[in-house]
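> attaching a predicted model along with its sequence, questions to come.
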Amino acid sequence: MPALRQAGVSDHGTLVGCVQRWWGDSRTPEQARELSLLLPRLFLQFFSGTSLVLEEGAEIRAFLIGFYAADNGTEAYIHFVGVDPELRGQGVARRLYTAFSRRAAEEGRTEVRAITSPTNAGSIAFHRAMGFSVESGDREIDGVSVHTDYDGPGQDRVCFRKGIAP
């Protein structure tokens, strides 16, 4: 069974490679490279203590990059999650989200947040199944509330939140 551990700065190059490989089946190589840009080294330099890696032997099979809000003591945020395609559908992402939420609650956090693209139906369904609620946005796409230009012009996002208990 794969072991869960805290992420480290030394994982950065491997995680970038994982993103490019794992999403290579659904994106062009250029799109997969662009997606990997969402994982700059700074996330592991400053948030490795709140980020997780799932390893099997010496091989990374999944990861979660998350952090606790610096501006308040109540929120935690899940920035990026990746699961090896061979393990998808086996509860690995659920395991990562549950471990992150448990650790955040132990640190006094009472809410976890996340976002996704309105075109990512799988992510929307996953977050709902995990008990996240969709935050009201300024318009709807396919029955889902969306925040227009959330990450810049044309970068609409679905915003999620979930209460957690210590």
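Received it, and whenever you're ready, just let me know what you need.

> which residues does Ala69 contact?
Residues counted as contacts of Ala69 (CB atoms under 8 Å, 6 or more residues apart in numbering) are Glu75, Ala76, Tyr77. Bear in mind the C-beta positions are built from the backbone N, C-alpha and C, glycine included.

> confidence score at Arg113?
For Arg113, the pLDDT comes out at 98.

> let's have the chain start at 109 instead
Noted, 109 is the first residue going forward, which turns the last one into Arg221.

> so what sits opposite it in the bridge?
For Arg221, the beta-bridge partners under DSSP bridges are Tyr185, Arg269.

> quick one on the thing from earlier: export the contacts of Ala177 to JSON lines and tack on neighbour count and distance to Arg269?
Below are the contacts of Ala177 laid out as JSON lines (neighbours: other CB atoms under 10 Å; distance: CB to CB, whole Å):
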{"residue": "Glu183", "neighbour count": "17", "distance to Arg269": "9"}
{"residue": "Ala184", "neighbour count": "23", "distance to Arg269": "10"}
{"residue": "Tyr185", "neighbour count": "20", "distance to Arg269": "10"}
